[in-house]
Every structure is written in structure tokens, then in C-alpha cells.
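J.: sharing a model that was predicted from the sequence below.
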Amino acid sequence: MAEPPRSLPQRIADTRARLEADEDIWVASASPDGVPYMVPLSFWWDGTALIIANPAKSPTSRNLEATGRTRVGLGLTRDVVIIEATVVRVEPTTELGDSFAAKAGFDPRQDTEPYAYFRITPQRIQAWREANELTGRTLMRRGAWLG
């Protein structure tokens with residue numbers, strides 16, 4: 001039996017905690033002509049955006065640069081966070097690179113293959129566990145937390 005639905009403040013708190021603690025996300029992108037692509041990637045949450053690193057010549061990197069948009073999935077199907085976001089490629093400052101490496105457990109700057117870093121800025125966030133949480137699942141709109 002499903003637990004009672006969480007309140008909006010509790011869902012926001014739970015989502016923020018997951019952004020801080022979780023290590024991996026599913027990143028969905030599409031080419032400019034609409035070919036979908038999805039990969040699991042490690043991330044670091046800097047408090048306002050997700051930072052990812054990916055091989056610079058990969059389909060995901062090309063798609064993110066071309067469209068500037070993504071949809072990200074965090075968690076399991078019965079405890080999911082869906083994030084619609086804008087994306088920009090960023091140069092890895094020492095602080096950004098060090099923080100990403102510490103969170104992800106690997107440092108792409110040490111790889112022989114060039115990596116691109118991207119800042120994924122949430123515009124809309126939804127979270128739910130069971131069907132009883134579908135109502136009220138939107139936690140962020142136009143980049144602002146609700147409530």
C-alpha cells in the first residue's frame with residue numbers, strides 16, 4: 001500500500017536532498033533533426049544547476065550544444081525526479097573540475113579523450129513516488145521553486 005502523498009515542502013526538501021546525494025542521472029537529448037539519445041551520466045549539483053562531463057565528440061555533447069535543452073531523469077520509476085532544463089557548455093574552472101571530480105569519483109581532465117562540461121539549469125522539476133503523488137508533482141516552474 002502506498003504511503004500518503006508528501007506535501008509540496010516535503011517533496012522539495014526530498015528532491016534537493018537527492019540532488020545533493022545522488023551520483024547519476026539519465027540525460028536525454030535530441031539532435032537538431034529530432035533523433036533521440038539518452039545516456040546515464042554522473043553529475044554534481046552546485047546548488048542551482050547540475051554539472052556533467054561527457055566526451056566532447058559524443059552524440060550527447062553534440063546534441064546539448066546544438067539545442068541547448070535536455071530532459072533529465074533521477075531515481076527509480078517509483079521515486080522519480082524529472083527535470084526539464086536549459087544547457088550551456090562551460091569551461092571547467094579549477095573549482096568546478098575539482099568539485100565534479102570529487103562528487104563523480106573520476107576526473108575527466110585526466111582522460112586522454114577531451115571532455116566537455118555542461119551546466120544544466122532546471123526550468124521545470126517534477127517529482128512523485130506513486131500515482132497518489134501525480135497531483136502536485138510540479139515543484140519548479142520557469143526556474144523558480146514553488147511554495
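T.: Perfect, thanks for sending it.
J.: is it true that residue 50 touches residue 72?
T.: Yes - using CB atoms under 8 Å, residue 50 is in contact with residue 72, at 6.8 Å. No exception for glycine: its C-beta is placed from N, CA and C like everyone else's.
J.: shared neighbours of those two, which are they?
T.: Counting by CB atoms under 8 Å, 6 or more residues apart in numbering, the residues touching both residue 50 and residue 72 are 25, 83, 85, 120.
J.: quick one: the closest residue to the last one other than its chain neighbours from residue 11, how far?
T.: It stands for residue 120. In space, and not counting its chain neighbours, residue 120 is closest to residue 50: 4.2 Å by CB to CB, 6 or more residues apart in numbering. Distance of residue 50 to residue 11, given as CB to CB, to the nearest Å: 18 Å.
J.: and if you look at residue 67?
T.: Using CB to CB, residue 67 is found at 29 Å from residue 11.
J.: elements contacting the longest strand anywhere in the chain?
T.: The strand that spans the most residues within the chain, counting by DSSP state E, is strand 115-128. If you count contacts as 3 or more CB pairs under 8 Å, 6 or more residues apart in numbering; DSSP states H and E, strand 115-128 packs onto helix 8-21, strand 50-55, helix 59-67, strand 79-90, helix 94-104, strand 138-141.
J.: returning to that earlier point: ok, now which ones touch the residue nearest to residue 120?
T.: Contacts here follow CB under 8 Å, 6+ apart; on that basis residue 50 touches 19, 25, 43-44, 72, 83, 85, 119-120, 122.
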